[in-house]
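Engineer: Turn this into a model:
(4 chains)
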There are 2 protein chains.
Amino acid sequence: MLSIGELSKRTRVKIPTIRYYEQMGLISAPERTTGNQRRYSKTELSRLSFIKHARDLGLKIEDIRELLTLSANPEMPCAEANHIAANHLGAIRARIAQLQRLEAELARMATCHADNIKDCYVIESLSNHGLCAENH
Amino acid sequence: MLSIGELSKRTRVKIPTIRYYEQMGLISAPERTTGNQRRYSKTELSRLSFIKHARDLGLKIEDIRELLTLSANPEMPCAEANHIAANHLGAIRARIAQLQRLEAELARMATCHADNIKDCYVIESLSNHGLCAENH
DNA sequence: CAAATACCTATAGTATCTATAGCAATAATC
DNA sequence: GATTATTGCTATAGATACTATAGGTATTTG
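Structural biologist: Here you go, the predicted structure:
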């Protein structure tokens, strides 16, 4: 049995976050010691690892909740899980494309070598959208 | 003079967001009509455009506040503004790299053709970090 | 001038945590 | 066994950047 601190170390999920997930119903309330401290089993360790991994991938809590429900019913069709992953993939690709446009613009901006603000390209760029190479 | 609705249309900043920015002190409280409605001048239009543009670039409110202060002092050195932009550029590049790793992993996951959850690669991938091609 | 639209304030809610205060339990050391 | 250090508990507030709602008032349009 793991204390909340050990669970936190192993999953790299911070302690208040674990308690928050419990409150949100993502993980169930674990056993307690006579002194009222939480004690976790291997089951909860792997469930929390799943959650952490999915969060690292940028999935929303509600998506994760759905995936957890799905995974609890091993005979259900896999299409739904695929759908969630594919949806998220589209969102990520769009976000990458957007960030790359911003990267280009910031890179241009950061080449400024003016001595003072009145000639600074950073300020100028932000003031005047027309200077942008790409539209956003 | 523009009403808040016109200002919103021209800057594509939503009305409650404009009022929120006023509350946060990013823009100053504008004139009011006798009926207590806000009326904005060109000055405020361009200031809000600056803010919108910077937000679109992903800059944090506090960074924007700093840039606005800098731009109000045209004789100040430009180094600080450059520093903010460059910092942000670094953060964006890191985020792009991270998202590209996630994209690769999700793309692999979404190729799953299993019929039911127990063989689904999406669920399997999230359960088992060891399957990831890249580390994150 | 009436109806439709736009605007006002104040408050609460969203999402995903993180921090703090004040106290209790457990582990480590002597 | 006693002291001390670490860890844990609950409850509440704060961070971020808004968005939504309720209940009421101005302004514009036909």
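Engineer: and the residue in chain A positioned nearest to DNA strand C, how many neighbours?
Structural biologist: In chain A, the residue that lies nearest DNA strand C is residue A:35 (2.1 Å; C-beta to the nearest atom of the strand). Placement of C-beta: from N, CA and C, glycine included. By the criterion of other C-beta atoms under 10 Å in any protein chain shown, residue A:35 has 5 neighbours.
Engineer: any idea how far it lies from residue A:59?
Structural biologist: Note on residue A:35: its distance to residue A:59, by C-beta to C-beta, to the nearest Å, is 35 Å.
Engineer: Next: residue A:16.
Structural biologist: According to C-beta to C-beta, residue A:16 and residue A:59 sit 20 Å apart.
Engineer: which one of those two has more residues nearby?
Structural biologist: residue A:59 (22 against 10).
Engineer: Could you say which helix or strand holds residue A:39?
Structural biologist: Element membership for residue A:39 (DSSP states H and E) is strand A:38-39.
Engineer: and that strand, how far from the chain's centre?
Structural biologist: Between the centre of strand A:38-39 and the centre of its chain there are 26 Å (C-alpha atoms, centre = their mean, to the nearest Å).
Engineer: and whichever strand or helix holds residue A:87, what other elements does it pack with?
Structural biologist: Assigned by DSSP H and E, residue A:87 belongs to helix A:79-109. Counting contacts by 3 or more C-beta pairs under 8 Å, 6 or more residues apart in numbering or on different chains; DSSP states H and E, helix A:79-109 packs against helix A:61-71, helix A:121-127, helix B:79-109, helix B:121-127.
Engineer: Next, see if it gets close to DNA strand C.
Structural biologist: No: against DNA strand C, helix A:79-109 shows no contacts by C-beta under 7 Å from any atom of the strand, the least distance being 11.6 Å.
Engineer: How about that helix, which residues are buried there?
Structural biologist: Buried residues in helix A:79-109, counted by 16 or more other C-beta atoms under 10 Å in any protein chain shown: A:80-82, A:84-86, A:88-89, A:92, A:95-96, A:99, A:101-103, A:105-106, A:108-109.
Engineer: What angle do helix B:79-109 and that helix make with each other?
Structural biologist: 150 degrees (axes from the mean of the first three to the mean of the last three C-alpha atoms, to 10 degrees).
Engineer: and the residue in chain A positioned nearest to DNA strand D, what helix or strand is that in?
Structural biologist: Nearest residue of chain A to DNA strand D (C-beta to the nearest atom of the strand) works out as residue A:5 at 2.3 Å. Here residue A:5 is covered by helix A:4-11, with elements defined by DSSP H and E.
Engineer: one step back: now render the helices and strands packed on helix A:79-109 as CSV, adding mean pLDDT.
Structural biologist: Shown next, in CSV, are these (pLDDT from 0 to 100):
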stretch, mean pLDDT
helix A:61-71, 82
helix A:121-127, 71
helix B:79-109, 76
helix B:121-127, 68
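Engineer: can you list those in a markdown table and add distance to residue B:9?
Structural biologist: Converted to a markdown table, the helices and strands packed on helix A:79-109 look like this (distance: least, C-beta to C-beta, whole Å):
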| stretch | distance to residue B:9 |
| --- | --- |
| helix A:61-71 | 33 |
| helix A:121-127 | 20 |
| helix B:79-109 | 28 |
| helix B:121-127 | 42 |
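Engineer: Select, out of these, the one closest to residue A:46.
Structural biologist: Shortest distance between residue A:46 and the helices and strands packed on helix A:79-109, using C-beta to C-beta, is found for helix B:121-127: 6.8 Å.
Engineer: quick one, what contacts residue A:80?
Structural biologist: Counting by C-beta atoms under 8 Å, 6 or more residues apart in numbering or on different chains, residue A:80 touches A:66, A:70.
Engineer: mind checking how far it is from residue B:120?
Structural biologist: Taking C-beta to C-beta, one finds residue A:80 at 9 Å from residue B:120.
Engineer: Name the residues contacting each of these two.
Structural biologist: With C-beta under 8 Å, 6+ apart, residue A:80 and residue B:120 have common neighbours residue A:70.
Engineer: Setting aside sequence neighbours, what's the nearest residue to the residue nearest the centre of chain A?
Structural biologist: Of all residues in chain A, the one closest to the mean position by C-alpha atoms, centre = their mean is residue A:58, 3.5 Å from it. Once flanking residues are discounted, residue A:58 sits nearest to residue B:102: 6.2 Å by C-beta to C-beta, 6 or more residues apart in numbering or on different chains.
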